[in-house]
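Trainee: Have a look at this prediction, sequence included:
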Amino acid sequence: MKRFFILLGKLLVKGLQLLGKNAGNLPGCILWTLTRHKCVSLFQVDCPIIAVTGTNGKTSVTSYVAKLFSGEGVKLITNSAGNNLDTGICSLLLQHCDWKGRVNADYLILETDESHVPVVYSQLKLETLVVLNFFRDQLDRNGEVETLILKINEFCKTFEGNLILNGDDPNTARLGRANPNNKNVKYFHAEPYAHATTQLFEAGEGRFCPFCGSALEYAYYQYSHIGKFACPECGYGTHTPYVTTTDIDLDKPSFRIGENTYTPALNSIYHVYNMTAVTAVAKLYDIDNRILTDAIANYTVKNGRMESFTLGENPAVLNLAKNPVGANMTLRVMNEMSGEKELLFVLNDNIADGLDVSWIWDINFSVFERVTRVVTSGTRAHDIAVRIKCAGYDPSKIVVRPKLDDAVEELNTTAGKKFVIANYTAVQPTRAALKRYIEKHGGAANEAN
Amino acid sequence: MKPIKILHMYADMLDLYGDSGNMEILQYRCKMRGIPCEIEHYSRTSEVPDFSSYDLIYLGGGADLEQQILSADLPRCSEGLKKAYADGVFFLMICGGYQLMGKYYRDADGNELPGVGLFDYHTIAPNSRRKRCIGNIVVQTEITGEPLDIIGFENHGGQTSGVTSPFGKVRCGNGNCFQSDTEGYCGKNVIATYLHGPLLAKNPKLSDYILTYCLSRREDAPEQLAPLDDTLENECRAVMLERLLKK
């Protein structure tokens, strides 16, 4: 039966590819139904599997980790297209297995949706799990953050592989206590950067100790609830870091880990944490520091993550923001950009975004600096316009253009810097609209990578 | 002019789904009219304040864990809250805050959390955490004296019954229970509802109803609030009502 499913799956993949369709999810969905939800168990994987999960930064960290392991003669399988559910991973493996379901690779490096970690890795043997952070995200789809953490915590109770955790996120670090017998728990940590605060600045989730309920105390917050925390009652938060990032200087930008200095391609604290996680993986797998240094300095993910464009004559940056923490980070980056700029915010409420757009009220828009005009677009263009207005922004400078092409045209009726924020399902259509604009009016999309 | 005084209770714990946006909206609508508005906070570590000294008491929604933690704190506030309500202070409560002001809340594991008991309703969560009322919702209320469509988003497991005077009729969505006809609870000086969005984002008339009530309790009450330019809000309402009610 198993061979039949594999055969069927492979035929589906080939068929879809011949038709020029995306085979990223559908074959997996069909096998998921046929195998009674155990579609990943069809495969035999003998190589190490490294999984990356968390609310924000999965795609970036996964592609940097893949970069570390890539090289001549190395067979690497990774879901760079972002199909990170069990059905997406099934579809990916179908393309790399033999007729018996044996996967031929040296490493599997898989971005994995938070809610699917227990599902996928109860069926495949996981060697290393990297957990970046837990923030409020798509509450109507994922439920409360707490429910999601409990699911992964349950998985970690019997997991004995490497567990690389953000030691500065109380929601994530708690997973380190799930299995007291696991000797392979490793925390990463960062010393405060110049804009760290002693007060919580943006909506955060981890205000209370998950073990005793007391209010957590923070030596500093880096962003949202990420920072140096400790529970005054039960001592939670005193773990020893495996990797510590110091001397963070976002102006250069640069940071140090141990003896080594790194110069990241992007200058946000959020990116520094991602790179700290990547460094922890590099250390665990004894990756040559030259390879790590080069990846951090020169590699970037070109997928609507701080992606540069030139629209006619206007320089523009596009960034994904699918939840308040991501959006607040993006606004900080936009504010730190010198000179005046105009903002395009594209907000959709499709199923994958979460139907609930209440989260935009957790974005701190009162911090706008030198933003001379705002254009809004997407299926919830009006909601984001109202949100920005109520933060005190002059409504006469807000233009609502639900259709993306209209919005991009509107944005470029004036000369100057542009900043574009789009949520989850809005990112790819926005990239496409920016490229259409460039085709029509000239400019450049930064395709190289 | 004397400021409108708001007490935002447990802002550090009941702050899911952007509910604190309601405070930002009330503050914004006051500021645009030159009405001073002060928001104070109460949390577990605060001293019990004189609840009757406020014009408005506000509670947002929270997760189960947080609701458990603060139900232990509620008894010390209960007398003061009851007195404030009797004195005519306006109560605005969303989701978890709505549930906690009732008789009790029984969570998915069967734990019963006693509420303040200010109102007679009670809430029971289904045994399965997967069963939730989730989605866009439109409720028609008559609280302002004429039918008004209130647009928001509901996301609750708890099923509330024993409501004597609901906030409104459900036009689209679930309401107090799965597929129910009515949503929320209201009275002369109370609105309790499951609506996030946040509640006031797309419902400026409701914001102004609440502000008008707060001002009406004082001697120098203005005849009516100065009108504001709600063009963006009204366009947003039109788009959503068209989308949600046309089915």
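Mentor: Yep, that arrived. Numbering: from 1, shown residues only, chains lettered A, B, ... in the order given.
Trainee: How many residues are close by whichever residue of the stretch 201-350 of chain A sits closest to chain B?
Mentor: Across the stretch 201-350 of chain A, no residue is closer to chain B than A:Gly213, which sits at 5.4 Å (CB to the nearest CB). For the C-beta atoms, the positions are set from N, CA and C on the backbone; glycine is no exception. By other CB atoms under 10 Å in any protein chain shown, the residues close to A:Gly213 number 15.
Trainee: Ok, A:Pro180 next?
Mentor: If you count neighbours by other CB under 10 Å, A:Pro180 ends up with 9.
Trainee: now A:Asp249
Mentor: 15.
Trainee: shouldn't it be in contact with A:Tyr262?
Mentor: No: under the criterion of CB atoms under 8 Å, A:Asp249 makes no contact with A:Tyr262, lying 11.0 Å away.
Trainee: what touches both of the two?
Mentor: With contacts defined as CB atoms under 8 Å, 6 or more residues apart in numbering or on different chains, the residues shared by A:Asp249 and A:Tyr262 are A:Phe255.
Trainee: Run through who's touching the lowest-mean-pLDDT helix or strand in chain B.
Mentor: Here the helix or strand of chain B ranked lowest by mean pLDDT, DSSP states H and E is helix B:64-71, holding a mean of 78. Outside helix B:64-71, the residues that touch it by CB under 8 Å, 6+ apart are A:144, A:146, A:208, A:213, B:10, B:13-14, B:44, B:62, B:96, B:99-100, B:105, B:107-108, B:111, B:113-115.
Trainee: again, but for stretch B:220-239
Mentor: With CB under 8 Å, 6+ apart as the test, stretch B:220-239 has contacts from A:382-383, A:385-386, A:389, A:395, A:398, A:400, B:1-2, B:29, B:32-33, B:149, B:151, B:201-204, B:208, B:211-212, B:215.
Trainee: Which positions within it qualify as buried?
Mentor: B:Leu225, B:Asp230, B:Leu232, B:Glu233, B:Cys236, B:Arg237, B:Val239 (16 or more other CB atoms under 10 Å in any protein chain shown).
Trainee: model confidence over that stretch, on average?
Mentor: The average pLDDT within stretch B:220-239 is 93.
Trainee: Quick one: end-to-end distance for it.
Mentor: Chord length of stretch B:220-239, first to last residue, is 38 Å (CA to CA, to the nearest Å).
Trainee: need the contact list for the residue in the stretch 51-200 of chain A that chain B sits nearest to.
Mentor: The stretch 51-200 of chain A approaches chain B most closely through A:Glu144 (4.3 Å), counting by CB to the nearest CB. Residues counted as contacts of A:Glu144 (CB under 8 Å, 6+ apart) are B:Leu16, B:Ala63, B:Asp64.
Trainee: Switch these over to JSON lines; also include neighbour count and distance to A:His195.
Mentor: Shown next, in JSON lines, are the contacts of A:Glu144 (neighbours: other CB atoms under 10 Å in any protein chain shown; distance: CB to CB, whole Å):
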{"residue": "B:Leu16", "neighbour count": "26", "distance to A:His195": "26"}
{"residue": "B:Ala63", "neighbour count": "21", "distance to A:His195": "29"}
{"residue": "B:Asp64", "neighbour count": "21", "distance to A:His195": "34"}
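Trainee: I'd like to know which of those is nearest to A:Ile152.
Mentor: Ranked by distance to A:Ile152 (CB to CB), the contacts of A:Glu144 are led by B:Ala63 at 16.3 Å.
Trainee: Was I right to think the closest one contacts A:Val145?
Mentor: Yes: contact criterion CB under 8 Å: B:Ala63 and A:Val145 qualify, at 7.4 Å.
Trainee: measure stretch A:111-119 end to end?
Mentor: Chord length of stretch A:111-119, first to last residue, is 14 Å (CA to CA).
Trainee: Also stretch B:57-68?
Mentor: 20 Å.
Trainee: That one: which residues count as buried?
Mentor: Under the neighbour-count criterion of 16+ other CB under 10 Å, stretch B:57-68 has B:Ile57, B:Tyr58, B:Leu59, B:Gly60, B:Gly61, B:Gly62, B:Ala63, B:Asp64, B:Leu65, B:Glu66, B:Gln67 buried.
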